[in-house]
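1. I would like to see how this sequence folds:
(chains A and B)
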Amino acid sequence: MSILKKAEELGATFADIRFLKIRDLILTVTEDRETISSNGVDEGFSLRVLYQGNWGYKSSTGEPGEEDVKDAINVSNGDEKVNIIYMPPKKDKVEIKPKYDFNKGIKEKLDDLRKIRENVISLSDRIKSVNIRYYETHYHKEYLSTEEREIQQDFVISGFSIVAVARENDIIASAYVSKSTYQGYPLEVFDMNEILETLKRRIDGQMKGKTVKAGQYTAILAPEVVGVFAHEAIGHLAEADLAINGILYERRGEKIAPEYVNIVDSPNLEYKSAIGVTVYDDEGIEGRDTYIIKNGVVNELLTDRFYSAYLGQKPTGNARAEDFRYPVIIRMRNTYFTPGEHSYDEIIRDVKNGVLLVSPRGGQTSPDGTFQFGIQEAYLIENGEISTPLRNVGISGYTLETLGQIKAISKDFDISPGYCGKDGQSVPVGVGGPYVKVEKMKVGGVVD
Amino acid sequence: MTDIYTTIQRAKDLGYSAEIFMAELNEIQVKREKQYQNMHIFERGYGMRLIKDGKLGFAYGNKLDNLLDLAIDSLRASKEDKFNVLPSPEKISKMNLKFFDISEGEEKIKELMNYGNEIRGLVNVVSEYYEALNLKVKVVSTEGVDVEEDRSLLSFSMAYNIRNDVEVSPEIYEYKSSRDPKQFNIEKIKDKIALMKKMYGSKRERLERKLTSVKFTPKALAELFVPLFSSSISLENYSRGKSPLKEEELVGSNLEIIDNPLIPNAPYSRSFDTEGLPSKLNVLIKEGKVIKFLSNTYWSLKAGKENTHSSSRSYSNLPFISPSILEVNVKDNSENEIVIDQVQGVHTSNFDTGEFSVVAPVVWNEKEEKAYRELTVSGNLKELLRGIEGKTGEKELYGNLYSPSLIIKGVNVS
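-> Residues are numbered from 1 along each chain as shown, chains lettered A, B, ... in the order given. The predicted structure is shown next:
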């Protein structure tokens, strides 16, 4: 491409350009309102040059031209120490075709959402407000580099979330279910009856839920929570840009968990919610399965071109950008614990006094290994039996201590969707795993 | 070539009420970690609202071509709602919110980077981020709204840790932003870093005793209080039973909270909201009583309340309600030696009920000059408001909060 040649002529040792066209639709249906919240096309490019050992980007919603090359070179300041891995020439087109077509018009999609609203409202007369948000994002990505790599990718990520708020006197309960997929029209991909049952169980649980007494508990983390743990508490610490200031970098090759613990970040999984699909990353690198923890040992970090060179590690394909406005940074894709040998019943039955953590409200981690999750669905476990539902539960701890406290892993396995935020960028990810038993976990709640 | 006025006129000729919101951004960013990421971003986009017979259509794009047709398609699919109305124009008092051009902004970043280098000599800096931007915002409608404003913003943030003989501190973040570089008091960050070096000079201790109250710095309040309060004070959320706050409810004493978009150097200042209506100073809580919720045109009509002109949006979505700068005034002075300066995980809260359970990784004892291991803080928004005992120090701008440090009792800290 002429613009990349121009960059080389002006002295760039490497240049690449990402084109992105996103066709976006967001529909929102509430208890009494229906809106087309977003509907349009977002289109632009991000040109990147490596000039005298420094990166310079020019991103724009306009058409790329020679002035953009000059702008990218003009901002390329720094310590002249950027060194990257180079890849062989390659041309490829990837198209992930939906299993369930998006062939309905906006009106028909709104009709589908109205039906869901009626079903949600009929779950309980205590439900006072409903928020159903439907989205579909059609991606067309093109990547070109001075290495003569030309990669084109087309896929759709879509989903919906349902939030219901119930009130009875002064008690407010708010619960949600959120689903996303790369397999097509989400209202057909997922079983709506199952979703409505989950929503009802969460609302009922919160209405009668008790606040837990703050302290240390044996915790059973269900697949949704395990996924967030794998993502937040381990995955972020394995992102090479964070890892070099964190706790995993110096522990590569060290055993930090029982030998049956494996944590993997994968570019593509056959699970419908594995929306971290990244066949090629935004630096044009083929994605591969990366074992962050293998048989309990810190194995590999997640890298981009720069950190692959810096660490001397084979590229993993983890460089991603939310869109053309942002630089590529290291991000996870689909991150999960691999399944173990125990049944769910075996895991629960010897817990005398513990908590079952079913569904998170998201989480956060710090490079020093502290993590915090909010939990929207949780129960007390007393003498091996699930008992009282809990509300306003938060868990926190240190990753290394928590990994060392893992006592059992189940055979059951599932992947959930999410959107991960880092440096102001949000990208779709999958998270998952089996049921995991943690002997001691700090649970936040009421202080005596 | 299609322009905003011809597109609006075309919509009018077809019998629609129409509004175009345009944003044009010119920005320089520098992120420094192991490698520098330097970016020059230029972005322009348009969002179009179209209304006819109570039906609302919406479309956005980076070009105006086809925008009207796309908006008409979406209008046809929408449901009639009598509160879908575009506002009439009102007189705007323009503030000067552009203090530099982008080329000067580049120079400002270089100056700030020298300062960043100085800090690198004091602590272990993990990342630095610099940003200078010019933003042009324009709103034009068939109802006669035609407003435009240029704004500038300079910001700097830094993450660092402190190594003592035994351990490494948690990552500590510092952030400053201002529309006006002259108001950019960078020396305060140096003072803060000196304080942190003192607090994290030795191993962190576990806080064993029960706390009756703690001091939250403006940074901690911006991270915990602002997101919860912003959601709860929206007229949409209140009208839909999705707020723990009630009108006329007493949530404290001697507490005043104002939404104030009229502080020129503050990063969220504006002369008009994203519906093109003049910015207002809105007193939300007075003498501890909730007296007003923030609204936009749709929700003020639907709920029959005052329009507080609190519409916010990007060009790719419909207007929604959002505060500008939350100014917190507390009469009584108070003190507490235990200081919470950083909170993480507020996005895991239940915004409909106001319940939260978060971690405070940066906590210290001012009197004994020592830091503690991370604490868990849980409770709900009302407990947080009712627990405000007093203030300490002067008001500071942090993001969209303008507040002193607050002494708060009644939240669970463990």
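
2. Point out where the chain drops to low pLDDT.
-> Using chain A. A:445-448 (pLDDT under 70).

3. Let me rephrase: I mean chain B.
-> For chain B, the stretches with pLDDT under 70 are B:1.

4. one more time with 50, if that's ok
-> Scanning chain B for pLDDT under 50 picks out nothing.

5. which residues of it fall in helices?
-> Taking DSSP state H as the test, the helices found in chain B are B:4-13, B:67-77, B:102-120, B:187-199, B:218-232, B:235-239, B:297-303, B:381-386.

6. likewise chain A?
-> Per DSSP H, chain A carries helices over the ranges A:2-9, A:66-74, A:106-121, A:186-189, A:192-208, A:223-228, A:236-238, A:240-243, A:305-311, A:344-349, A:399-404.

7. do the shortest one and chain B meet?
-> So that's helix A:236-238. No: judged by Cβ under 8 Å from any Cβ of the partner chain, helix A:236-238 makes no contact with chain B; its nearest approach is 11.9 Å. All C-beta atoms are positioned from the backbone trio N, CA, C, and that covers glycine.

8. now that helix, how far from the centre of its chain.
-> Counting by Cα atoms, centre = their mean, to the nearest Å, helix A:236-238 is centred 13 Å from the centre of its parent chain.

9. packing partners for that helix?
-> Counting contacts by 3 or more Cβ pairs under 8 Å, 6 or more residues apart in numbering or on different chains; DSSP states H and E, helix A:236-238 packs against no other helix or strand.

10. which residues does A:Leu237 contact?
-> Residues in contact with A:Leu237, defined by Cβ atoms under 8 Å, 6 or more residues apart in numbering or on different chains, are A:243, A:246-248, A:365, A:367, A:369, A:399.

11. my bad, should have said A:Pro267
-> A:276-279, A:281, A:287-289, A:317, A:333-334.

12. One more: A:Ser308?
-> Contact analysis of A:Ser308 by Cβ under 8 Å, 6+ apart lists A:84-85, A:314-316.

13. For those, which entry has the maximal number of neighbours?
-> With neighbours taken as other Cβ atoms under 10 Å in any protein chain shown, the top of the contacts of A:Ser308 is A:Thr316, carrying 27 neighbours.

14. Roughly how far does that residue sit from A:Asp281?
-> With distances taken as Cβ to Cβ, to the nearest Å, A:Thr316 is found 8 Å from A:Asp281.

15. Touching both of those two, which residues are there?
-> Common neighbours of A:Thr316 and A:Asp281, using Cβ under 8 Å, 6+ apart, are A:Gly287.

16. Including distance to B:Val166, could the helices of chain A go into TSV?
-> Putting the helices of chain A into TSV (distance: least, Cβ to Cβ, whole Å) gives the following:
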stretch	distance to B:Val166
helix A:2-9	49
helix A:66-74	45
helix A:106-121	53
helix A:186-189	51
helix A:192-208	43
helix A:223-228	31
helix A:236-238	21
helix A:240-243	22
helix A:305-311	28
helix A:344-349	37
helix A:399-404	16
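
17. check contacts around the nearest residue to A:Thr388 once chain neighbours are set aside.
-> Once flanking residues are discounted, A:Thr388 sits nearest to A:Leu380: 4.6 Å by Cβ to Cβ, 6 or more residues apart in numbering or on different chains. Contact analysis of A:Leu380 by Cβ under 8 Å, 6+ apart lists A:210, A:212, A:353-356, A:386-388, A:390.

18. which of these are buried?
-> For the contacts of A:Leu380, a burial check counting by 16 or more other Cβ atoms under 10 Å in any protein chain shown picks out A:212, A:354-356, A:386, A:390.

19. quick one: which of the residues you listed is nearest to B:Ile189?
-> Set against B:Ile189, the nearest of the buried ones among the contacts of A:Leu380 by Cβ to Cβ is A:Val212 (38.9 Å).

20. Would you confirm that the closest one contacts A:Leu356?
-> No: counting by Cβ atoms under 8 Å, A:Val212 does not reach A:Leu356; the two are 11.7 Å apart.

21. can you list residues touching both of those two?
-> A:378, A:380.

22. Let's see which of the buried ones among the contacts of A:Leu380 end up in strands.
-> When the buried ones among the contacts of A:Leu380 are checked against strands (DSSP state E), the matches are A:354-356, A:386, A:390.

23. Mind putting those into JSON lines with distance to chain B?
-> Shown next, in JSON lines, are those (distance: Cβ to the nearest Cβ, whole Å):
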{"residue": "A:Gly354", "distance to chain B": "18"}
{"residue": "A:Val355", "distance to chain B": "13"}
{"residue": "A:Leu356", "distance to chain B": "17"}
{"residue": "A:Ile386", "distance to chain B": "21"}
{"residue": "A:Leu390", "distance to chain B": "11"}
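
24. Identify each buried residue in stretch A:51-60, please.
-> Buried residues in stretch A:51-60, counted by 16+ other Cβ under 10 Å: A:51, A:54-60.

25. Just flag the most distant two among those.
-> A:Asn54 and A:Ser60 (19.9 Å).

26. Please look at A:Ile330 and A:Gly235 and confirm they touch.
-> No: counting by Cβ under 8 Å, A:Ile330 does not reach A:Gly235; the two are 10.3 Å apart.

27. near chain A, which residues of the stretch 301-414 of chain B?
-> Going by Cβ under 8 Å from any Cβ, the residues of the stretch 301-414 of chain B near chain A are B:316-318, B:344-345, B:347-353, B:355-359, B:361, B:374, B:376-378, B:380, B:412-414.
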